[in-house]
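Trainee: Next come a sequence and a model predicted from it.
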Amino acid sequence: MSFAGNLATVSLGDILQLVSTGRRSGALVTVRGRQKKQIFFRDGRIIYATSESAEEDRLGQLLVRHGRLTPEQLAEVLKVQKSRGKLLGEIVIERNYLERHELIDALRLQAEEIIYSLFAWGDGEFNFVENRTPPENMPEIDLDTMNVMMEGARRFDEWGRLREELPPPDYFLRMRTRPIMTAEDVTLSPEDLEILALVDGRRQVEEVLQLHPRGEYSAARALYNLLESELVEALPVHDGESGSPEEMARVYELVFKLYSHSLTRVYRQLTDLLGEGGEQVFRRAVERKMTPGLFEALTQGDSPAALEQFNKLVAGMPDSIRLHKVLSQAGDLLHDRLRLVYECLGKRTVGRLAESIQKDVAFLLAQKRDLADRYDIGSDFSNSLRVR
């Protein structure tokens, strides 16, 4: 007997339980907007699943993501599929790209991902069509429906928790140039590495989650792990319009004074202990992308001319990432100069210097506490002083 409804009023878990306990055979067809997914059953067990529109659910993309096909092989298979009208799985086996059991494993994984994604829909029309069968000539899988249902419910609960704990969707993501944890402390999964490849300082949380090749749930878990490992950080959107022009002028003046004073202290430490060689060390190039002229503006001392040069550079940066870019690059400059002190003079010297700088600027930060807290300037500055 067929039945239909909407996932807003009948949960997917209830539907799966009904099909399983009733040992039904047929297909559950779900539609939301342009997305259409089908789950096929025999005697209440899942034997196949398809998705016509979600890129992350497509078999070819799944095989590439899991290293079973190269992108070039997939392109060749799709070309053959278009000309001959055969199923992708058939062509993959014909060309000996996969053994039959490997294809079945991939189909099983695909079916699970399709079903798990349905738990997050919340709404969408469904229709159970009695005795509808999967496409011909495709290997059937065999999944326990109740086990899949329980895992889907667990993932749905975890997805809700992740959404609450992740940064807001409009926050920018960037890799920490000064990670607190070392590489030895962190183990990265393939999903984590795929997220890292998307984090470039310009993309926001929502965009990274949508671009991740394994879907939003896997992306959210990977991003959460990277944030917890402190390899990636999220920054709020602060641009030239986030405060009044007068307030933003005071913000950039505070940033200038913090980093200009600190870089001057590093310069003096190096030249006092190394003489002329200290200046050469201080001006040694470090391989980073840096706004031309920023180093010179921040190392001329706390003068009106240097501040004016700094403000001109700031004004030329994109509004949407202006403060983020200024804090990031100024922090990188200071951190890299302290790293040179560490390499030339040792851990103890750089530790004392960092502590001294922190004390020097404490009064300035206290005077501007409202700005430092509102724009997270103090935290960013403190991170730049951490050298290992």
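Mentor: Alright, I've got the coordinates. Numbering: from 1, shown residues only.
Trainee: gap between Glu228 and Pro167?
Mentor: Remark: distance between Glu228 and Pro167 (CB to CB, to the nearest Å) = 12 Å. C-beta coordinates here come from the backbone N, C-alpha and C atoms, glycine included.
Trainee: out of the two, which sits in the busier spot?
Mentor: Pro167 (16 against 12; other CB atoms under 10 Å).
Trainee: wait, isn't that one in contact with Glu233?
Mentor: No - here Pro167 lies out of contact with Glu233, judged by CB atoms under 8 Å, at a distance of 9.1 Å.
Trainee: hey, what's in contact with both of these two?
Mentor: By CB atoms under 8 Å, 6 or more residues apart in numbering, Pro167 and Glu233 have these common neighbours: 173, 227.
Trainee: ok, which stretches of the chain are strands?
Mentor: In the chain, the strands defined using DSSP state E lie at 3-6, 26-32, 35-42, 45-51, 125-130, 172-175, 232-235.
Trainee: Indicate which one of these is closest to Arg283.
Mentor: strand 172-175 (25.9 Å; CB to CB).
Trainee: How about Glu253, nearest residue that isn't a chain neighbour?
Mentor: Ranked by CB to CB, 6 or more residues apart in numbering and with sequence neighbours excluded, the top spatial neighbour of Glu253 is Leu307, at 6.7 Å.
Trainee: Can you give me the distance of the one you found to Tyr259?
Mentor: Computed as CB to CB, the Leu307 to Tyr259 distance reads 12 Å.
Trainee: now Val77
Mentor: According to CB to CB, Val77 stands 54 Å off from Tyr259.
Trainee: For the stretch 201-350 of the chain, give me the ranges with low pLDDT.
Mentor: Where the stretch 201-350 of the chain drops to pLDDT under 70, the residues are 213-215, 237-242, 286-288, 320.
Trainee: what does the stretch 51-200 of the chain give?
Mentor: Using pLDDT under 70, the stretch 51-200 of the chain drops low at 53-57, 177-186.
Trainee: if we can go back for a sec, would you mind giving the strands of the chain as JSON lines with distance to Leu12 and mean neighbour count added?
Mentor: Below are the strands of the chain laid out as JSON lines (distance: least, CB to CB, whole Å; neighbours: other CB atoms under 10 Å):
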{"stretch": "strand 3-6", "distance to Leu12": "11", "mean neighbour count": "12"}
{"stretch": "strand 26-32", "distance to Leu12": "8", "mean neighbour count": "19"}
{"stretch": "strand 35-42", "distance to Leu12": "10", "mean neighbour count": "21"}
{"stretch": "strand 45-51", "distance to Leu12": "13", "mean neighbour count": "23"}
{"stretch": "strand 125-130", "distance to Leu12": "8", "mean neighbour count": "16"}
{"stretch": "strand 172-175", "distance to Leu12": "31", "mean neighbour count": "20"}
{"stretch": "strand 232-235", "distance to Leu12": "31", "mean neighbour count": "20"}
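Trainee: The ones you listed into CSV, with extra columns for distance to Gly60?
Mentor: Below are the strands of the chain laid out as CSV (distance: least, CB to CB, whole Å):
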stretch, distance to Gly60
strand 3-6, 31
strand 26-32, 21
strand 35-42, 16
strand 45-51, 12
strand 125-130, 26
strand 172-175, 28
strand 232-235, 29
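Trainee: Could you list the domains of this structure?
Mentor: 3-164, 166-235, 245-384 (automatic domain parsing).
Trainee: now the helices for the stretch 201-350 of the chain?
Mentor: For the stretch 201-350 of the chain, the helices defined by DSSP state H, counting those that start in this stretch occupy 205-211, 216-228, 245-274, 276-282, 294-298, 304-315, 322-345, 347-367.
Trainee: Tell me which of those helices sits nearest to Leu87.
Mentor: Nearest of those (CB to CB): helix 216-228, 25.7 Å.
Trainee: and the closest one, what does it pack onto?
Mentor: With contacts taken as 3 or more CB pairs under 8 Å, 6 or more residues apart in numbering; DSSP states H and E, helix 216-228 sits against helix 145-165, helix 190-198, helix 205-211, strand 232-235.
Trainee: Contacts only, for the closest residue to Glu151 other than its chain neighbours.
Mentor: Excluding its sequence neighbours, the residue lying closest to Glu151 (CB to CB, 6+ apart) is Tyr116, at 7.1 Å. Contact analysis of Tyr116 by CB under 8 Å, 6+ apart lists 151-152, 155, 217.
Trainee: Please, a ChimeraX command that selects the buried ones among the residues you listed?
Mentor: Restricted to buried positions by 16 or more other CB atoms under 10 Å, the ChimeraX selection for those reads:
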select :152,155,217
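Trainee: returning to what we had before: who's more crowded, Leu307 and Tyr259?
Mentor: Shown here are Leu307 and Tyr259; by other CB under 10 Å, Tyr259 has more neighbours (25 against 17).
Trainee: could you check the distance from the more buried one over to Leu334?
Mentor: Counting by CB to CB, the gap from Tyr259 to Leu334 is 6 Å.
Trainee: Now for these two: what residues contact both?
Mentor: Phe381.
Trainee: if I pick Phe126, what's in contact with it?
Mentor: For Phe126, the contact set (CB under 8 Å, 6+ apart) comprises 4-7, 10, 15, 28-31.
Trainee: Just give the nearest non-adjacent residue to the residue nearest the centre of the chain, would you?
Mentor: Closest residue to the average C-alpha location of the chain: Ile195 at 4.3 Å, with CA atoms, centre = their mean. Nearest residue to Ile195, sequence neighbours excluded (CB to CB, 6+ apart): Ala222, at 4.5 Å.
Trainee: surely the one you found meets His212?
Mentor: Yes - counting by CB under 8 Å, Ala222 sits close enough to His212 to count as a contact (7.2 Å).
Trainee: Tell me which of those two has more neighbours.
Mentor: Using other CB under 10 Å, the more surrounded residue of Ala222 and His212 is Ala222, with 25 against 21.
Trainee: the helices in the stretch 1-150 of the chain, which residues?
Mentor: Per DSSP H, counting those that start in this stretch, the stretch 1-150 of the chain carries helices over the ranges 12-21, 59-65, 71-84, 88-94, 100-118, 145-165.
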